[in-house]
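Engineer: below: sequence and its predicted model.
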Amino acid sequence: MPVWQRIYEEINDPNFVILCAAEDVGGEAVAGPIFDAANATYIQVVDPDHIISSAFNFVNVPSAAWVDEEGRIVRIDEGTYSQQHEIGDGDHKISFGTDVYSPALKDWIAKGPESVHVQSAETVTGNIRQHTPEQLSADAAFRLGNLFREHGHSEKAEHYWQKARELNPDSVNFIRQNLTLTEEGSAGESFLKLMGEYINQGKAYYRPLDIES
Amino acid sequence: MADAMMAYPDLRHPFEEKPLHPEGSATVLCQGRNITLSQVGEGDGLLIRPEHLPEINGFTLKPEGVCYAELCIPIDKSLLVERGGEQWFDLTAFADLLGQTYVADTASRVWSFSEIPARRERMMVDAMAPDFEVTDREGQVVCMADLKGKKALIVTWSSW
């Protein structure tokens, strides 16, 4: 979040907005302090029901759409990292993210449709994930689970979250959202096992980033 | 630090049990909205008062059909139902007609609807951004139309 804020300030264009949606069932209690620590001034949304992910058929975070002044999507659904990150140290150091995404974003803001990073409508529509009726139902089930959780009906909340994961097993969002509400957290052994299976099935954790470095 | 940020077991079920809605009411989740209906009709599907339709999904009942912006779906007679001398709109039958899926917990009188395919047709055909409606941290409702005229990066993230 602090990096997006820095990029937002560097671009400093009144005709550019960032809408940043935290897909956290934990809500403001979890996402709020992270926004605050970043001194975020862009549009901040706490989105426990994953409304933004549903609207654009995203199944993982961070994901993004670039939308031009006319409301047309010109890039969509990539691992939207503001920069390369490293966590851990020594043999346990993990690198993730990329340094090429934010320069591409800046190029688009500066050049508009002339930017080489603007994609055609045909490319964009080809990159939007198609969701089956079952996957769409998964979103509805997930929200039902959230409603029951917010009202203290924990058994039903678990039932509908489980149903969401069964209806859309490709949703990394559902897998990790579930794990983050356990002692183990969303980056433990269960996550590594699930992701190993996911990748072995030929599924991409993120759509490959189509930006040259 | 990173691991601690990604484990919140205490937040799994932190809330005391309370009713979802007043007795006799029903709840509809649709398009990011949470609507409590004080009255629903008796029947197999979800029967709502026609005047509640715009509040739920943005559609309006008109002589020419059930309409949202330039989209009008001709009224199928099965959508309008008489019960107890009153007219009801069958929201689940309408969803079936639109290809909109839903998940219901009828024992709790809650219906959760997915995205309406017809409202996102232009995204799939010519990459026009879909309508959405969310509330920002300042309590302001933000929808796609509010961002028109500017370039927008719409990005999701999470603490996990």
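Structural biologist: Looks like it came in fine.

Engineer: which single residue of chain A ends up nearest chain B?
Structural biologist: A:G185 (3.0 Å; Cβ to the nearest Cβ). All C-beta atoms are positioned from the backbone trio N, CA, C, and that covers glycine.

Engineer: what about the residue nearest to that residue when sequence neighbours are not counted, distance to A:V30?
Structural biologist: Excluding the flanking residues, the one nearest A:G185 by Cβ to Cβ, 6 or more residues apart in numbering or on different chains is B:A7, at 3.0 Å. The gap separating B:A7 from A:V30 is 11 Å, by Cβ to Cβ, to the nearest Å.

Engineer: same question, A:I18
Structural biologist: 20 Å.

Engineer: and the strands in chain B?
Structural biologist: Along chain B, the segments classed as strands by DSSP state E run B:26-30, B:33-37, B:47-48, B:60-62, B:65-68, B:71-73, B:80-83, B:86-90, B:102-105, B:110-113, B:133-135, B:141-143, B:151-157.

Engineer: what does chain A give?
Structural biologist: A:16-22, A:43-46, A:63-67, A:73-76, A:84-87, A:94-97.

Engineer: and the longest helix seen in chain A, which residues are buried?
Structural biologist: Using DSSP state H to define each element, chain A has its longest helix at helix A:133-150. Neighbour counts over helix A:133-150 (16 or more other Cβ atoms under 10 Å in any protein chain shown) mark A:135-150 as buried.

Engineer: any stretches of chain A with poor pLDDT?
Structural biologist: A:87-88, A:91-95, A:213 (pLDDT under 70).

Engineer: name the residue most distant from the centre of it?
Structural biologist: Among residues of chain A, the one most distant from the C-alpha centroid is A:G90; the distance is 28.2 Å, by Cα atoms, centre = their mean.

Engineer: how close does B:G32 sit to A:I52?
Structural biologist: 9 Å.

Engineer: can you pull the residues that touch both of those two?
Structural biologist: Residues touching both B:G32 and A:I52 (Cβ atoms under 8 Å, 6 or more residues apart in numbering or on different chains): B:132, B:134.

Engineer: higher neighbour count, the two?
Structural biologist: Shown here are B:G32 and A:I52; by other Cβ atoms under 10 Å in any protein chain shown, A:I52 has more neighbours (26 against 21).

Engineer: quick one, what contacts the more buried one?
Structural biologist: With contact taken as Cβ under 8 Å, 6+ apart, A:I52 is in contact with A:19, A:21, A:23, A:45, A:58, B:132, B:134, B:154, B:156.

Engineer: and with 6 Å instead?
Structural biologist: Applying Cβ atoms under 6 Å, 6 or more residues apart in numbering or on different chains, one finds that A:I52 lies in contact with A:21, B:156.

Engineer: tell me the spacing between it and B:H52.
Structural biologist: 26 Å.

Engineer: that older thread, not counting the longest helix of chain A itself, show me its contacts.
Structural biologist: A:48-49, A:54, A:156-157, A:160-161, A:163-164, A:167-168, B:29, B:101-103, B:112-114.

Engineer: what do you get for stretch B:100-117?
Structural biologist: Residues contacting stretch B:100-117 (Cβ under 6 Å, 6+ apart): A:54, A:133, A:136-137, A:139-141, A:143-144, B:20, B:26-30, B:46, B:95, B:98-99.

Engineer: quick check, the residue in chain B closest to chain A?
Structural biologist: Counting by Cβ to the nearest Cβ, chain B gets nearest to chain A through B:A7 (3.0 Å).

Engineer: what's the neighbour count on A:V74?
Structural biologist: Applying other Cβ under 10 Å, we find 23 residues neighbouring A:V74.

Engineer: wait, doesn't it sit right on A:V67?
Structural biologist: No. Applying Cβ atoms under 6 Å, one finds A:V74 not in contact with A:V67, separated by 7.3 Å.

Engineer: now do the contacts for the most centrally placed residue in chain A.
Structural biologist: Closest to where the C-alpha atoms of chain A average out (Cα atoms, centre = their mean) is A:V61, at 2.2 Å. A:V61 sits next to A:23, B:156-158 when contact means Cβ under 6 Å, 6+ apart.
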